[in-house]
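> just coords:
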């Protein structure tokens, strides 16, 4: 099994604070669409966190999360996770709909907001 490298958190925070001024130069965008995913969303967010810490510390990263009017409290779970991990991202866009508009609408809303090169 590979050893997991945990970077110096202070260094990571410093790097990301410097990148917050680079919103126009975002490198990568992670986009998540969800509907009633309260029990799975943390797994998805932790996967993104791992990828950033392992491979993407030097990049300015955008996170877009679209919730299409979920009936569970998935957005609360996302907000709690983000309160502990927001420093990983140069930009966070939360698109929380009050009612369900369908998958296609959710994807279109996300695609309109992608600013990363990749």
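Everything's here; your move. What you see is a predicted model, and the numbers here were worked out from it, not measured in a lab.

> where do the strands sit along the chain?
With strands called from DSSP state E, the chain shows them at 28-34, 61-68, 91-97.

> neighbouring strands for the last one, and are they parallel or not?
When pairs are called by DSSP bridges, strand 91-97 turns out to pair with strand 61-68 (parallel).

> the first one now?
Paired strands of strand 28-34, with direction, are strand 61-68 (parallel) (DSSP bridges).

> what's the strand it pairs with in contact with?
The contact list for strand 61-68 (Cβ atoms under 8 Å, 6 or more residues apart in numbering) reads 26-35, 48, 52, 74-75, 78, 88-97, 100-103, 105-107, 109-110, 113-116. (Each C-beta comes from the backbone N, C-alpha and C, glycine too.)

> thinking again about what came up before, ranking the strands of the chain by burial, who's on top?
strand 61-68 (a mean of 22; mean count of other Cβ atoms under 10 Å).

> averaged pLDDT, that strand. What do you get?
The average pLDDT within strand 61-68 is 97.

> tell me how far that strand lies from the chain's centre.
Relative to its parent chain, strand 61-68 has a centroid offset of 6 Å by Cα atoms, centre = their mean, to the nearest Å.

> what number of residues lie near the closest residue to residue 27 other than its chain neighbours?
In space, and not counting its chain neighbours, residue 27 is closest to residue 59: 4.0 Å by Cβ to Cβ, 6 or more residues apart in numbering. Residues lying near residue 59 (other Cβ atoms under 10 Å) number 18.

> can you pull the contacts of residue 59?
27, 28, 52.

> any chance of these in CSV, with pLDDT too?
Shown next, in CSV, are the contacts of residue 59 (pLDDT from 0 to 100):
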residue, pLDDT
27, 96
28, 96
52, 97
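
> from those residues, which is closest to residue 40?
residue 52 (19.2 Å; Cβ to Cβ).
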